[in-house]
Structure formats: C-alpha cells, structure tokens
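Q: Sequence plus predicted model, see below.
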Amino acid sequence: MFQGFHGSAPGKTGLNVANPIACVLSGATMLQWLGKRHTDPRLTQAANHVRTATEAVLAKGCWLTPDLGGNGTTTDCAEAICALFEEI
C-alpha cells in the first residue's frame, strides 16, 4: 500500500490549505516500486522526475502551503509540481 502519512485535520476540510507533498511522493514511491517489480525503467524514471519536480517546488518556495511557511494553496502546490514535472 502507498499512502502519504499525515494526521487528521477535519478543520482544514474545504480550505485548500493542505500540503499535497506526502501524497505526491507516495505516488513516486509507488512508481519506483512498480518500475522495479516489472523491470520498467520508464516507471522508475517517472518516479525520479516526480521527486525532482517536488524538490524544485520546495527549493523555489513560491507555492508552499501554510504549514511550510508559504501562502500557497493545495492547488497551487500540486499544479506547480505538475508543471515542473512536464518540463523535466
């Protein structure tokens, strides 16, 4: 099973302020595992690209959610990771 680990935060529901990075990196872990399991380097490469894009978003700091000291929304952060992923 692959899932981001986090606590329950019902007070944040619908506010678009949750940090999506744990879930994104969980997806990268799944891709890595699938790539290894099925000997598919494309999946392993995709996992590496997801991690690289996520690290770039963290380094730039522009789209960080409030828990990371930013003013970005969940959507801002996730869309920034997706945009950087597509550039890689």
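A: Ah, there it is.

Q: can we go C-alpha only for contacts and neighbour counts from here?
A: OK.

Q: Any buried residues in the longest helix anywhere in the chain, and which?
A: Counting residues, the longest helix found in the chain (DSSP state H) is helix 41-60. For helix 41-60, burial by neighbour count (16 or more other C-alpha atoms under 10 Å) applies to 43-44, 46-54, 57-58.

Q: and it, how far from the chain's centre?
A: 9 Å (C-alpha atoms, centre = their mean, to the nearest Å).

Q: do stretch 31-46 as well
A: 17 Å.

Q: So what's the model's average confidence on it?
A: Mean pLDDT, computed over stretch 31-46, is 98.

Q: Isn't A18 up against K12?
A: Yes: applying C-alpha atoms under 8 Å, one finds A18 in contact with K12, separated by 6.9 Å.

Q: More neighbours: which of the two?
A: Using other C-alpha atoms under 10 Å as the criterion, A18 and K12 rank with A18 on top: 18 against 10.

Q: quick revisit: I'd like the next helix or strand past the longest helix of the chain.
A: Next along the chain after helix 41-60, taking DSSP states H and E as the criterion, comes helix 74-87.
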